[in-house]
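**Q** below is the sequence, then the predicted model.
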Amino acid sequence: MAAYVIGAIQSVNDPTAFSEYQNLALPTLAKYCGTVVIGSTKIEVADGNWSPTGMVVVEFETMAKAKEWYNSPDYNPLVLRRTASADSGVIFVDGD
């Protein structure tokens, strides 16, 4: 069953460093069969106090594959680049 990694960006404090993170992170997905479903800054909040300025949804074949990618030596070292350049967070969602 498919699983999803959802990233939310609240704000970017270093646009150059965040862009570098994106350029390094995107190529790591292919090795783990991850596919970007959507990535956008065109967000309209319907209700609640959630107010991200950017979102990305990545689909993986399984939850195990999603976690393998996130914890991999290909991607995991890049997490510090993301968190240093943006107020952001990532969640895993099982597609069951």
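**A** Cool, got the structure.

**Q** which residues does the residue lying closest to L26 once chain neighbours are set aside form a beta bridge with?
**A** Counting by Cβ to Cβ, 6 or more residues apart in numbering, V36 is the residue found nearest to L26 once chain neighbours are left out, at 7.6 Å. The way it works is simple: take the backbone N, C-alpha and C, and place the C-beta from them, glycine included. Note on V36: beta-bridge partners by DSSP bridges are V58.

**Q** got the contact list for V36?
**A** Shown in contact with V36 (Cβ atoms under 8 Å, 6 or more residues apart in numbering): L26, L29, V56, V57, V58.

**Q** and for D74?
**A** Applying Cβ under 8 Å, 6+ apart, we find D74 in contact with T28, K31, Y32.

**Q** can you read off the pLDDT for it?
**A** Per-residue pLDDT puts D74 at 97.

**Q** what secondary structure does it sit in?
**A** Secondary structure assignment for D74 (DSSP: H, G, I helix; E, B strand; the rest coil): coil.
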